[in-house]
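A.B. asks: This is the structure alone, sequence omitted:
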């Protein structure tokens, strides 16, 4: 028996309004307004199989308007995913419920990415579409041939990030990307005319998108528009004219239905209006059966794909691509590090990163790099990475343009898609432009590597607008983010290895513009993953010769300064350890015994970093010395700046001697 589409859609409306009401919190307006569009998408267009939710060639569905999370929770339950159960939906927005206030990719297999910060879901979908085209270029239609579908609201399209994301999609002709715009003319404050007069479709068309309109409550018209979008070779925006809160007779169409429960009286009125007489959290058997039957329609397609994979000569390469690089990164660097031990190199760590990327990109086809219009400065392109674009989707270097936020969000999408490990570069000071996407990398456990160069006043004459001061420490504040600031060419290679081995944690590589001497080599003969000294986050680079009275702990370009300060102290009979701390997060994870050995409390502990000193007290204690820069920088050559800000041996050692004397 075929169930009427309207009744299928009304199941979404009923579950959404009931869950929000039970939680006394949430957003019923969007899921009720987009229920008809979502029903057409999930029953006629979307390729998926609830029994194998991570099937690699499934279509990706992204709810960019993540506040309307009950839309996807309802769809996942109705189509037959193991989770969320009806009990999960009853516990919407409660502690430990998989039905969180906004969809979280770590909670439910059917949620492709965590959304809520408006615009980022759509921007991540751009990255997913890029990953699909890239893998298709490598493995062909038999193994990779899927689309990315997005539901986005007015807020997603107003965010500045949207400009960056759709430009990236347009120039790369990502025709497998289709955005369904919930065009309801409502934001939280009221009618959209309060804040915008923009012709959205004209803007999208201007960036190379196909656009089409439909009545978001006419099932046939929705299907027509989605079919047109699916067939067009350009990325598509489908403007679905909807009524927010559709089905709530006294509140639909107004902004008050956006983010508050309907209330008992309005829910009763909605049940009458919709002809829905089932109790809260109950779906009539024929409607549930209809949804489950439609949800199972992808199983044959999935089985056929599995058969193609089983017989494909590319199966091994394809499965290795999906497996990632965690076990491959260090072996790829062993010969390179052996060469450094034999022939030391004095280079900037941004150059050291490029050098490490040479063997990594040669041996690991998973790596797809890029830069936000700073390729020649970030040094992210190698001989193995041809440009990615419509003319060559097999390319592995993306020219993101001046789109730091768009780049970061797209890389999140690539990483979450699978089969690609993305890295991208910009200046460290511009991490502020993409900070929320970096945070979302961490929230989603997405393996993204941020190559952030020009990491301090050491960049010199460009001055305080370009000199990061607070950035390294502020990035360290983000949970589940490893911030690496290597001191030399070997540490840089080690930090690259660690970035590629920590699959559930994104990484930031903070790299110098200025050349730094190679401090490592002796003892690194026969280097392997097991001998990666940076893996503990901090280690004793040099032990004191005289009786230890001082421990100098430094990062990046200041480790060289610490080494030279230690020599001067030793010349005066004062024993000084030098500790390099390339990654504070990894050091914090070590045992108490290890940390006590590296930073013993019977010594004066001195931190040296060309950035804010806030936060270093946790390592130096209140009686230690924190040497850094607690103001903005200045425009001058790097050497002059280091002297002016007191980051030289001649200015550091007297401070230590004075402290020891007192």
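C.D. replies: Received it, and whenever you're ready, just let me know what you need. The shown structure was predicted, so the numbers you read here are calculated from the model rather than taken from an experiment.
A.B. asks: who's in contact with the spatially most central residue of the chain?
C.D. replies: Central residue of the chain (C-alpha atoms, centre = their mean): residue 441, 2.8 Å from the mean position. Residue 441 makes contact with 408, 411, 412, 415, 448, 481, 506, according to C-beta atoms under 8 Å, 6 or more residues apart in numbering. Where you see a C-beta, it was placed from the backbone N, CA and C, and this is true even at glycine.
A.B. asks: Give me the nearest residue to residue 520, chain neighbours excluded.
C.D. replies: Residue nearest to residue 520 in three dimensions, not counting chain neighbours: residue 490, with 4.0 Å by C-beta to C-beta, 6 or more residues apart in numbering.
A.B. asks: Wait, a helix at the one you found?
C.D. replies: Yes. Assigned with DSSP: H, G, I helix; E, B strand; the rest coil, residue 490 falls within a helix.
A.B. asks: Kindly tell me how buried it is, as a neighbour count.
C.D. replies: Residue 490 has 27 neighbours, counted by other C-beta atoms under 10 Å.
A.B. asks: Let me know whether it touches residue 516 as I believe.
C.D. replies: No. The pair residue 490 / residue 516 is not scored as a contact, 11.0 Å apart, by C-beta atoms under 8 Å.
A.B. asks: Next up, the contacts around residue 157.
C.D. replies: Applying C-beta under 8 Å, 6+ apart, the residues near residue 157 are 119, 122, 181, 200.
A.B. asks: Out of those, list just those in strands.
C.D. replies: residue 181 (DSSP state E).
A.B. asks: Looking at the contacts of residue 157, which are in helices?
C.D. replies: 122, 200 (DSSP state H).
A.B. asks: Present the contacts of residue 157 as a markdown table; the columns should include neighbour count.
C.D. replies: Shown next, in a markdown table, are the contacts of residue 157 (neighbours: other C-beta atoms under 10 Å):
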| residue | neighbour count |
| --- | --- |
| 119 | 28 |
| 122 | 30 |
| 181 | 29 |
| 200 | 18 |
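A.B. asks: nearest to residue 265, of the contacts of residue 157?
C.D. replies: Nearest to residue 265, judged by C-beta to C-beta, of the contacts of residue 157 is residue 181 at 31.5 Å.
A.B. asks: how far away is the closest residue to the closest one other than its chain neighbours from residue 216?
C.D. replies: Spatial nearest neighbour of residue 181, chain neighbours left out: residue 239 (5.0 Å); criterion: C-beta to C-beta, 6+ apart. In this structure, residue 239 and residue 216 are 9 Å apart, going by C-beta to C-beta, to the nearest Å.
A.B. asks: Which one's more surrounded, these two?
C.D. replies: Comparing residue 239 with residue 216 by other C-beta under 10 Å, the one with more neighbours is residue 216, at 28 against 20.
A.B. asks: is it true that the residue nearest to residue 181 touches residue 183?
C.D. replies: Yes. Residue 239 sits in contact with residue 183 when judged by C-beta under 8 Å, with a separation of 4.6 Å.
A.B. asks: what residues are shared contacts of the two?
C.D. replies: Listed contacts common to residue 239 and residue 183 are 200, 213; contacts here mean C-beta under 8 Å, 6+ apart.
A.B. asks: quick one: low-confidence parts of this structure?
C.D. replies: In the predicted model of the chain, residues 1 satisfy pLDDT under 70.
A.B. asks: which residues does residue 228 contact?
C.D. replies: Contacts for residue 228 (C-beta under 8 Å, 6+ apart) come out as 210, 212, 236.
A.B. asks: out of those, which are inside helices?
C.D. replies: Using DSSP H, none of the contacts of residue 228 sit in helices.
A.B. asks: so which of the residues you listed is the most crowded?
C.D. replies: In the contacts of residue 228, the most neighbours by other C-beta under 10 Å go to residue 236, 26 neighbours.
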